[in-house]
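1. Structure for the following, please:
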Amino acid sequence: MPFEVIRRKDTPVSHLPFSPAIKAGDFVFVSGQASVDSSGKIVVDTFEGEFRRSLENIKLVLAAAGLDLSHVVQVRSYLAREEDLADYNRLYREFFKEPYPARTTIVGVLGTALKYEIDVTAYAGK
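-> Numbering: from 1, shown residues only. Have a look, this model is predicted:
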């Protein structure tokens with residue numbers, strides 16, 4: 001197989017048909033992570049609470065690949081509400097430092113269950 005599924009016991013579970021992450025060559029592609037607990041149940045919270053839980057889930061998946069946030073080269077974020085953009089940018093700077101990863105932010109796409117979701121691509125090369 002030309003790629004490897006990245007999964008550990010502590011990575012968040014999804015009941016949907018996707019892997020937490022796939023390593024292909026020197027890159028790790030992490031599937032969308034949201035405010036869910038270890039069983040995959042959505043944890044409703046404030047925007048900040050959901051953002052932090054989503055990032056902690058990203059960190060768990062990256063750790064399963066032997067990586068951390070400093071390896072992230074691309075971020076795609078999905079926000080339910082435009083009014084959360086200022087908080088998003090403030091919180092983002094706590095987790096990502098310069099040089100910042102390339103980034104796409106899409107607003108108004110999550111429906112009513114979630115306030116935030118994120119997927120990333122990380123570089124695992126030397």
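2. show me the contacts for Lys97.
-> Ser70 (C-beta atoms under 8 Å, 6 or more residues apart in numbering). Any C-beta I mention is one placed from the backbone N, CA and C, and that applies to glycine too.
3. Kindly recompute the last result at 7 Å.
-> Under the criterion of C-beta atoms under 7 Å, 6 or more residues apart in numbering, Lys97 has no contact partners.
4. Helix, strand or coil: sort out it for me.
-> Assigned with DSSP: H, G, I helix; E, B strand; the rest coil, Lys97 falls in the coil class.
5. who's in contact with Asp45?
-> Contacts for Asp45 (C-beta under 7 Å, 6+ apart) come out as 35, 53.
6. Kindly state the pLDDT recorded for it?
-> pLDDT recorded at Asp45 is 94.
7. try Gly111
-> On pLDDT, Gly111 comes in at 79.
8. and if you look at Arg90?
-> 97.
9. and Ser31, helix, strand or coil?
-> At Ser31, secondary structure determined by three-state DSSP is strand.
10. what about the residue nearest to it when sequence neighbours are not counted, how many neighbours?
-> In space, and not counting its chain neighbours, Ser31 is closest to Phe18: 5.1 Å by C-beta to C-beta, 6 or more residues apart in numbering. Counted with other C-beta atoms under 10 Å, residues neighbouring Phe18 total 9.
11. correct me, but Phe18 touches Gly32?
-> No. Here Phe18 lies out of contact with Gly32, judged by C-beta atoms under 7 Å, at a distance of 8.3 Å.
12. Contacts only, for Ala65.
-> Taking C-beta under 7 Å, 6+ apart, one finds 6, 21, 23, 28, 124 in contact with Ala65.
13. make it 6 Å
-> Ala65 is in contact with 6, 28, counting by C-beta atoms under 6 Å, 6 or more residues apart in numbering.
14. Please tell me how far it sits from Leu55.
-> According to C-beta to C-beta, to the nearest Å, Ala65 stands 16 Å off from Leu55.
15. which residues touch the longest helix seen in the chain?
-> As assigned by DSSP state H, the longest helix anywhere in the chain is helix 47-64. If you take C-beta under 6 Å, 6+ apart as the criterion, helix 47-64 is touched by 6, 8, 10-12, 20-21, 30, 33-35, 68, 84, 87, 91, 95, 115-116, 118, 120, 122.
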